[in-house]
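Undergrad: What follows is a predicted protein model with its sequence.
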There are 2 protein chains.
Amino acid sequence: MTFKKSIIIYGLAMALLMGLLKFFEYRFFVRDMTLELYLGLVAVVFIALGAWIGWRLTHKKTVTAVSIDSFSLDADELKRLGITKREYEVLENIALGLSNQEIADKLFVSTSTIKTHLSSLFLKLDARRRTQAIQKAKELRILP
Amino acid sequence: MTFKKSIIIYGLAMALLMGLLKFFEYRFFVRDMTLELYLGLVAVVFIALGAWIGWRLTHKKTVTAVSIDSFSLDADELKRLGITKREYEVLENIALGLSNQEIADKLFVSTSTIKTHLSSLFLKLDARRRTQAIQKAKELRILP
DNA sequence: CGCGAATTCATACTTTCGGCCGATTGTATT
DNA sequence: AATACAATCGGCCGAAAGTATGAATTCGCG
């Protein structure tokens, strides 16, 4: 459904571009436009199209996700805070209301490990309690 | 750091592309390659570059601003669950990440009272931990 | 007024959390 | 090889959270 639609849209866009190409080609021969300028125009147009396609392809999913829960993780914020994958997993799970033991079982590690990850998280989020960590994470938009 | 790196990478890619452009231009004049073929090549290359840039730019950091926090407290739900005013105040404050002591100070009562309210809340929300209570309250849309 | 619900508090007890150590392993990076 | 970091685990200890129980108030409402 969505895929077919995309194909059609991209096809139409391509056709339009090809038309533009021909148009410019015509002007090229008529007005003796310089080759460099012509190429520059083509390059700019196609780089824009490419960027647009890239954006569409990678943002399709995000857009639908947004309509569902209006949340998209900001990976930069995570990097800025130095929060690792494993730490983030623990963060997600305390936000679900799980205890250290439950998270340990879920992630197949010991509670000691969970505690270590939590301690790191508290440092990085400047929190003293798990509830505070959840709150701050939501403010920073790294949790829904 | 990462930003600067990106700039450099993009710059190098651009330079490379420009070199290719010149190379093809040269071949165009020498070998009398058809204009269409030349343009096609340019188009393909730049569309690829554009797609790549688009992918990089959007995949790196997912920024989604939209979310018109439309939260309206459902008083009916509170009544249905039998949650009292005071209990709800405590619920709000644990969601802010406060400790029992902090809530007690804020509401001018003792921690014993906070604990009592929390126990009632846990019963009514079917939770065993404050984090779980917060999670369930959000699911029930009685907390933003 | 009197009844029930809400709010308050306390004491004793168990469980969970969090801080503060230290340690090992594996994986990149240099 | 050396350095850095992520991920793992453990012990100890005090603080916080949560359970159970009982009881004293205050407040709304018929």
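TA: Sure thing, it's come through.
Undergrad: right, and the helix or strand after the one helix or strand A:Glu77 maps to?
TA: Assigned by DSSP states H and E, A:Glu77 falls within helix A:75-81. Next along the chain after helix A:75-81, taking DSSP H and E as the criterion, comes helix A:85-95.
Undergrad: near chain B at all, that following helix?
TA: Yes: using Cβ under 8 Å from any Cβ of the partner chain, helix A:85-95 reaches chain B at A:Ile94, A:Ala95. C-beta here means a position set from N, CA and C on the backbone, and glycine is covered the same way.
Undergrad: Check which helices and strands the following helix or strand past that helix sits against.
TA: Going down the chain from helix A:85-95, the next helix or strand is helix A:100-107, by DSSP H and E. Judged by 3 or more Cβ pairs under 8 Å, 6 or more residues apart in numbering or on different chains; DSSP states H and E, the packing partners of helix A:100-107 are helix A:85-95, helix A:111-125.
Undergrad: Show the pLDDT at the residue lying closest to A:Leu98 once chain neighbours are set aside.
TA: Distances taken as Cβ to Cβ, 6 or more residues apart in numbering or on different chains place A:Lys106 nearest to A:Leu98, at 7.0 Å, with adjacent residues excluded. Turning to A:Lys106, the model gives it a pLDDT of 96.
Undergrad: And for A:His117?
TA: For A:His117, the model assigns a pLDDT of 97.
Undergrad: So it sits against A:Arg86, correct?
TA: Yes: proximity of A:His117 to A:Arg86 meets the contact threshold set by Cβ atoms under 8 Å, at 5.9 Å.
Undergrad: okay, those two: which has more neighbours?
TA: Neighbours per residue (other Cβ atoms under 10 Å in any protein chain shown) separate A:His117 from A:Arg86, with A:His117 holding more: 23 against 15.
Undergrad: wait, what's in contact with that one?
TA: A:Arg86, A:Glu87, A:Val90 (Cβ atoms under 8 Å, 6 or more residues apart in numbering or on different chains).
Undergrad: export those residues to CSV and tack on pLDDT?
TA: Formatted as CSV, the contacts of A:His117 follow (pLDDT from 0 to 100):
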residue, pLDDT
A:Arg86, 95
A:Glu87, 96
A:Val90, 97
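Undergrad: Would you reformat those residues as a markdown table and include distance to A:Gly97?
TA: As requested, the contacts of A:His117 are exported to a markdown table (distance: Cβ to Cβ, whole Å):
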| residue | distance to A:Gly97 |
| --- | --- |
| A:Arg86 | 19 |
| A:Glu87 | 18 |
| A:Val90 | 13 |
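Undergrad: that older thread, buried ones in the helix holding A:Glu77, by neighbour count?
TA: Of the residues in helix A:75-81, those buried by neighbour count under the rule 16 or more other Cβ atoms under 10 Å in any protein chain shown are A:Leu78, A:Leu81.
Undergrad: repeat for stretch A:93-100
TA: Within stretch A:93-100, the residues scored as buried using 16+ other Cβ under 10 Å are A:Asn93, A:Ile94, A:Ala95, A:Gly97, A:Leu98, A:Ser99, A:Asn100.
Undergrad: one step back: nearest to B:Lys124, of the helices and strands packed on helix A:100-107?
TA: Closest to B:Lys124 of the helices and strands packed on helix A:100-107, according to Cβ to Cβ: helix A:85-95, at 20.9 Å.
Undergrad: That closest one near DNA strand D anywhere?
TA: Yes: under the criterion of Cβ under 7 Å from any atom of the strand, DNA strand D is reached by helix A:85-95 at A:Lys85, A:Arg86, A:Glu87.
Undergrad: and these as TSV, adding distance to A:Arg128?
TA: Formatted as TSV, the residues of helix A:85-95 next to DNA strand D follow (distance: Cβ to Cβ, whole Å):
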residue	distance to A:Arg128
A:Lys85	24
A:Arg86	21
A:Glu87	17
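Undergrad: And the residues you listed, which is closest to A:Lys124?
TA: Nearest to A:Lys124 out of the residues of helix A:85-95 next to DNA strand D is A:Glu87 (Cβ to Cβ; 7.6 Å).
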